[in-house]
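1. My questions concern the predicted model and sequence given below.
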Amino acid sequence: MSNYTYQIAILGAANDNRDRIRTGLLARMAEIGIEKTSVSILEDEECLRIDPKAATAAVFLGYEGAINDTFPALERLLADTIPIIPIVEDLNLYKMSVPPGLRAINGKKCRTETEVAETVSLVLENLNLLRKDRRLFVSYKRDDSTGVAEQLSDVFTEHGFDVFLDTRSVRPSDSFQDELWHRMADSDVVILLDTPNFRESEWTVAELTQANSTSVQILHLLWPGIAPEPNSAFSVYSRLQNRDFAYIEKAPDRLSRLQPATVDKIILQLESLRARAIAARHTDLFDSVSDAALEVGAQATLHPQRYMTLRRGGRDVAILPTVGVPSSPRLHGFLDVIRDEHAGFELTAIYDERGVLDSWRSHLSWLAEHLPVKTVENGQFLNWLSEGSAE
């Protein structure tokens, strides 16, 4: 297993685009606070060493004659369901510029600086590093750790995360518990401030149980003297000592704050855990679609924009596996891509329904009446696919 948080595979032509994409990726990742030591850019046959558990995206630079060449590393990426972005300078020559295994995947034109920047953004989207996708949920007991919770919320926001903190994020008129579960379902990682009285609170224990039941990864920050929670299956633990807190005499209190060096350490732990959690959740959904397709005698193809295509009941279907809660902007963006690339396809978004608000499910049903994109819960996807295949 590698020590890198993010992996980017680059294969194909050794041209100027390769250097421009590499430089652009490192610059953009630095802008959102990702250290160079957290990023591994593997090229060509180096890609055979990729860690399948790390967050990974790949770029293939097409060239004339690629159709006749072999790429063992590319075959490995395809087998591991790694998102691959094929880029070429002329889309009219696309099928002659990429290996056969990529011909079913949408290619992207990449020649100008703007197109290079768009390619970089597409890689970051596949790594879930764009701001809209960096979602966190902070779970804490107000009487124990309000100071640290607010401190971390501010720091996480500065690092490009969308942070849910109950005292700031739930409106007075909303159902508190339902909103918590919904936001947790839409988060990549739960940051749990495990203080001396945390597990005595009905609310905080319920949050821990909900996180475990929905397979959301948890970063447990254990206060001094607190032991790990034995029943938390999706947790990584970070033990805090008194010296990790600023300006305390005996023990941290409700308003205590962490030392800057401790916060930096937590950020690094968070980036690593989040990347692997996202990789696992994406892989689970992609594999769920692929396995269901195989059960009905179909084959699903994964595209760079993180959707899949297959045939269902004699019809072409485009499927968007959605990590977190489906949103109308995401579904509309999916529609825009498919309208250009797969005209006439049946459009469906698959999502994990656990914890999602009933009102949001109703909203999705309403959207289905106005957009040609249907939604299917992950638990019902095989039945939905089987019903269509029997038509």
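-> On my side now, so go ahead. Numbering: from 1, shown residues only.
2. what's the weakest-modelled helix or strand in this structure?
-> helix 166-169 (a mean of 58; mean pLDDT, DSSP states H and E).
3. where's the longest helix anywhere in the chain relative to the chain centroid, distance-wise?
-> Counting by DSSP state H, the longest helix found in the chain is helix 260-295. Put simply, helix 260-295 sits 6 Å off its chain's centre (CA atoms, centre = their mean, to the nearest Å).
4. Quick check: mean pLDDT of it?
-> In this model, helix 260-295 has a mean pLDDT of 83.
5. buried residues in it?
-> Residues of helix 260-295 classed as buried: 262-263, 266-267, 269-283, 285-286, 288-290, 292-293 (neighbour count, 16 or more other CB atoms under 10 Å). (C-beta placed from N, C-alpha, C; glycine too.)
6. And for stretch 41-53?
-> The neighbour-count check on stretch 41-53 (16+ other CB under 10 Å) flags 41, 42, 47, 50, 51 as buried.
7. Just put these in a markdown table and tack on secondary structure, distance to residue 256 and pLDDT.
-> Shown next, in a markdown table, are the buried residues of stretch 41-53 (DSSP: H, G, I helix; E, B strand; the rest coil; distance: CB to CB, whole Å; pLDDT from 0 to 100):
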| residue | secondary structure | distance to residue 256 | pLDDT |
| --- | --- | --- | --- |
| 41 | strand | 40 | 94 |
| 42 | strand | 43 | 94 |
| 47 | helix | 46 | 93 |
| 50 | coil | 42 | 89 |
| 51 | coil | 37 | 87 |
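8. any idea which of those is closest to residue 95?
-> Residue 95 lies nearest to residue 47 out of the buried residues of stretch 41-53, by CB to CB, at 22.7 Å.
9. Can you tell me the element the residue lying closest to the closest one once chain neighbours are set aside falls in?
-> Counting by CB to CB, 6 or more residues apart in numbering, residue 47 lies nearest to residue 73, which is 3.8 Å off, once chain neighbours are set aside. Using DSSP states H and E, residue 73 maps to helix 72-79.
10. do residue 330 as well
-> Judged by DSSP H and E, residue 330 forms part of helix 328-341.
11. Which SSE is immediately downstream of that helix?
-> Using DSSP H and E, the helix or strand that directly follows helix 328-341 along the chain is strand 346-351.
12. got the angle between the helix or strand following that next one and strand 346-351?
-> Following strand 346-351 in sequence order, the next helix or strand is helix 358-370 (DSSP H and E). Going by axes from the mean of the first three to the mean of the last three CA atoms, to 10 degrees, helix 358-370 is angled at 170 degrees with respect to strand 346-351.
13. what mean pLDDT would you report for the helix holding residue 73?
-> The model assigns helix 72-79 a mean pLDDT of 91.
14. Which positions in that helix come out as buried?
-> By neighbour count on 16+ other CB under 10 Å, the buried set for helix 72-79 is 73, 74, 76, 77, 78.
15. Roughly how far does the closest residue to the last one other than its chain neighbours sit from residue 282?
-> Counting by CB to CB, 6+ apart, the nearest residue to residue 78 once its immediate chain neighbours are dropped is residue 101, at 5.5 Å. If you measure residue 101 against residue 282 using CB to CB, to the nearest Å, the figure is 20 Å.
16. cool, residue 363 as well?
-> As for residue 363, its distance to residue 282 is 24 Å (criterion: CB to CB).
17. What of residue 325?
-> In terms of CB to CB, residue 325 sits 15 Å off from residue 282.
18. same check, this time on residue 250
-> For residue 250, the distance to residue 282 equals 45 Å [CB to CB].
19. Let me see the ranges of the helices in this structure.
-> 16-31, 72-79, 94-97, 113-126, 142-158, 166-169, 176-185, 202-213, 260-295, 328-341, 358-370, 381-389.
20. pLDDT of the last one, averaged?
-> For helix 381-389, mean pLDDT is 83.
21. Output the below-cut-off pLDDT ranges for the stretch 101-250 of the chain.
-> 130-133, 166-176, 214, 231-234 (pLDDT under 70).
22. In contact with residue 85, which residues are there?
-> 57, 58, 59, 60, 108, 119, 122, 123, 126, 304 (CB atoms under 8 Å, 6 or more residues apart in numbering).
23. Make a markdown table from the buried residues of stretch 41-53 and add distance to residue 207 to it.
-> Shown next, in a markdown table, are the buried residues of stretch 41-53 (distance: CB to CB, whole Å):
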| residue | distance to residue 207 |
| --- | --- |
| 41 | 37 |
| 42 | 38 |
| 47 | 39 |
| 50 | 35 |
| 51 | 31 |
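24. between those residues, which is closest to residue 373?
-> Nearest to residue 373 among the buried residues of stretch 41-53, with distances taken as CB to CB, is residue 50, at 32.3 Å.
25. And the closest one, how close does it get to residue 62?
-> Computed as CB to CB, the residue 50 to residue 62 distance reads 21 Å.
26. next one: residue 89
-> As judged by CB to CB, residue 89 and residue 62 stand 8 Å apart.
27. ok, these two, which is more surrounded?
-> Legend: neighbour count by other CB atoms under 10 Å for residue 89 and residue 62, higher for residue 62 (27 against 18).
28. what's around residue 228, how many residues?
-> For residue 228, using other CB under 10 Å, the count is 12.
29. Then residue 80?
-> 12.
30. Repeat that for the one 3 residues further on.
-> Number of residues near residue 83 (other CB under 10 Å) recorded here: 22.
31. Beta-bridge partners for residue 239, please?
-> Using DSSP bridges, the bridge partners assigned to residue 239 are residue 222.
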